[in-house]
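S.K.: please find the sequence and the predicted model below.
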Amino acid sequence: MSRIGRMPIEIPNGVDVVFNPENEVVVKGPLGTLTKKLHKDMIIKKEGTALIVERPSEVKEHKALHGLTRTLLANMIKGVTEGFTKTLEINGVGYRAQKQGKKVVFNLGYSHPVEVEDTDDFTHEVPDPNHIIIKGIDNQKVGQQAAEIRELRLPEPYKGKGIKYSDEVIRRKEGKTGAKK
């Protein structure tokens, strides 16, 4: 039995969960509404103030989907109540970001500034020129946006310049030494 899959998901006050027989789940909460179509074989039950995910058989595919389905539902509920955030750091001389209206302008050593706009799915905050905070209710979209911003200037191992996640550790390499005699 999946240890993650068998744990019940508590539904907090102010959150409404609706699902149909085709496993399309709609979660409404104080921060917004999320809709996701989950695998049709998984069995989702509402018992009191908790959601239970069950699998129909012990087939390998159903075992794999059991924990995944439960985690996706838990992330939807967490998203509409608390939301998700990813924090990025910018390292390098002259590398910085600034918020201009609904977009963030990055100066990353290119001949032109790079602009990234806010959408309905996530927003950007720039508390200082070397940090960016991405906030949203959909965990997948927040993570994807963070990965796309990180890709603008990947961190390099010699000087550590680039954009990295705040909890990421960049393994540093030693540069070349002088010629051998």
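M.R.: Yep, it's here. These numbers come from a predicted model, not from an experiment.
S.K.: how near is the closest residue to Arg171 other than its chain neighbours to Glu151?
M.R.: Nearest residue to Arg171 in three dimensions, chain neighbours excluded: Pro157, at 6.0 Å (C-beta to C-beta, 6 or more residues apart in numbering). Quick note: C-beta positions are derived from backbone N, CA and C, even for glycine. Remark: distance between Pro157 and Glu151 (C-beta to C-beta, to the nearest Å) = 16 Å.
S.K.: who has more neighbours, those two?
M.R.: Pro157 (13 against 10; other C-beta atoms under 10 Å).
S.K.: the more buried one belongs to a helix?
M.R.: No. Under DSSP: H, G, I helix; E, B strand; the rest coil, Pro157 sits outside any helix and is assigned coil.
S.K.: got a list of what it touches?
M.R.: 170-173 (C-beta atoms under 8 Å, 6 or more residues apart in numbering).
S.K.: and which of the residues you listed is nearest to Asn23?
M.R.: Ile170 (40.9 Å; C-beta to C-beta).
S.K.: so Asp120, which state does it fall into?
M.R.: coil.
S.K.: do you know the pLDDT at it?
M.R.: Listed pLDDT for Asp120 reads 90.
S.K.: what's the spacing between it and Leu65?
M.R.: 29 Å.
S.K.: quick one, which of those two is more surrounded?
M.R.: A direct count of neighbours by other C-beta under 10 Å for Asp120 and Leu65 places Leu65 higher, at 21 against 9.
S.K.: now the more buried one. Nearest residue, chain neighbours left out?
M.R.: If the residues on either side of it in the chain are set aside, Leu65 comes closest to His39, at 5.1 Å by C-beta to C-beta, 6+ apart.
S.K.: list the contacts for the one you found?
M.R.: Contacts of His39 (C-beta under 8 Å, 6+ apart): 23, 65, 69.
S.K.: then Val142?
M.R.: Residues in contact with Val142 (C-beta under 8 Å, 6+ apart) are 84-86, 121-122, 134-136.
S.K.: re the thing from before, which of the contacts of His39 sits closest to Glu115?
M.R.: Nearest member of those to Glu115, counting by C-beta to C-beta, is Thr69, at 37.6 Å.
S.K.: who's in contact with the closest residue to the closest one other than its chain neighbours?
M.R.: Closest residue in space to Thr69, ignoring its immediate chain neighbours: Met42 at 4.5 Å, by C-beta to C-beta, 6+ apart. Listed by C-beta under 8 Å, 6+ apart, the contact set of Met42 reads 23, 53-56, 62, 65-66, 69.
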